[in-house]
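Engineer: What follows is a predicted structure for the sequence shown.
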Amino acid sequence: MQFHVITLFPEMFDSPFRAGIVGRAIDQGIIRLHLHPLRTFGLGNYRQVDDAPYGGGSGMVMRPEPIAAAIDSVTADNPRLWKILMTPQGEVFDQAMARRLAQKADGLLLVAGRYEGIDERVRSLVDQEISIGDYVLSGGELPAMVVIEAVARLVPGVLGNAESLAEESFSAGVLEYPQYTRPEEFRGMRVPEVLQSGDHQKVREWRAAQALRRTRERRPDLLEKTRSSRG
């Protein structure tokens, strides 16, 4: 699967995707990450990409022309790329959205904004706007990395054990059950006996009950969302 990112700071993506699951997938050719420096499409001798906002106000606003030129350039060879603008005003990203995006066989194009904001007319150039939460960052690079990481893990062949996807938090609308490993006892806390019983049916039942309990205690909103989606 292909990921394209339009950004003022392509160097930010070097280290996060040089190692780990996504790094291995890139080395194996399962994932392809293409970074497109926005400054290349800047205006004039100084490659300007921003300007003062109409109507006054603090900060600078990213101009539409460089972003439009960058999008046109990237999509010239692949017009079916799904175009995403990373913005605090977008739909909040979650696991269900990650699964939908992983089905975009032609790949994703993510636009990472900066400064005080992006000219409103850029919104008409993308297919979707995404936010990773109700807070503000300095730019869209980190949110773009979050989307790439979450989506890439769902691409066939990226994870060594694909079955683990079904057990992760949010995959079934609930948080993941508690996990334990050696030692059997740590600082007075013991591994639950059921996990050592060898009874796989009881283990499955315990895990399902614990996942539901943990979700009810920590994220009851997830259960409400699941009930709403089922009508």
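Structural biologist: In hand now; what should we look at?
Engineer: which outside residues touch the strand ranked longest in the chain?
Structural biologist: In the chain, assigned by DSSP state E, the strand with the most residues is strand 82-92. By CB atoms under 8 Å, 6 or more residues apart in numbering, the residues outside strand 82-92 that reach it are 71, 75, 97, 101, 104, 106-113, 118, 122-123, 125-136, 140, 143-144, 147. Just so you know, the C-beta spots here come from the backbone N, C-alpha and C atoms, and that holds for glycine as well.
Engineer: Kindly supply the ChimeraX command isolating those of those residues that are buried.
Structural biologist: The buried subset of the contacts of strand 82-92, as determined by 16 or more other CB atoms under 10 Å, is captured in ChimeraX by this line:
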select :71,97,101,104,107,108,109,110,111,112,113,118,122,125,126,129,130,131,132,140,143,144,147
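Engineer: In strands, which of the contacts of strand 82-92 fall?
Structural biologist: Judged by DSSP E, these include 108-112, 118, 128-131 as members of strands.
Engineer: quick one: which of those residues is nearest to residue 216?
Structural biologist: Among the ones in strands among the contacts of strand 82-92, residue 131 lies closest to residue 216 (CB to CB), at 26.3 Å.
Engineer: show me the contacts for the closest one.
Structural biologist: Per CB under 8 Å, 6+ apart, neighbours of residue 131: 86-93, 143.
Engineer: Also residue 41?
Structural biologist: Shown in contact with residue 41 (CB under 8 Å, 6+ apart): 47, 49, 65-67, 69-70, 73.
Engineer: Kindly recompute the last result at 10 Å.
Structural biologist: By CB atoms under 10 Å, 6 or more residues apart in numbering, the contact list for residue 41 reads 6, 47, 49, 65-73.
Engineer: Same question for residue 151.
Structural biologist: Residue 151 is in contact with 1, 3, 22, 31, 93, 97-104, 108, 158, counting by CB under 10 Å, 6+ apart.
Engineer: contact partners of the longest helix along the chain?
Structural biologist: Taking DSSP state H as the criterion, the chain has its longest helix at helix 200-218. If you take CB under 10 Å, 6+ apart as the criterion, helix 200-218 is touched by 167, 169-170, 172-179, 192-197, 199, 221-223, 226.
Engineer: now the closest residue to residue 58 other than its chain neighbours: how far from residue 88?
Structural biologist: Leaving aside its chain neighbours, residue 58 sits nearest to residue 116 (6.9 Å; criterion: CB to CB, 6 or more residues apart in numbering). Using CB to CB, to the nearest Å, one obtains 12 Å as the distance from residue 116 to residue 88.
Engineer: who's more crowded, those two?
Structural biologist: Between residue 116 and residue 88, counted using other CB atoms under 10 Å, the more crowded position is residue 88 (18 against 14).
Engineer: gap between the more buried one and residue 37?
Structural biologist: In this view, residue 88 and residue 37 are 23 Å apart by CB to CB.
Engineer: likewise residue 55?
Structural biologist: Distance from residue 55 to residue 37, counting by CB to CB: 30 Å.
Engineer: So which of the contacts of residue 41 wins on neighbours?
Structural biologist: That'd be residue 6 among the contacts of residue 41, by other CB under 10 Å, with 28 neighbours.
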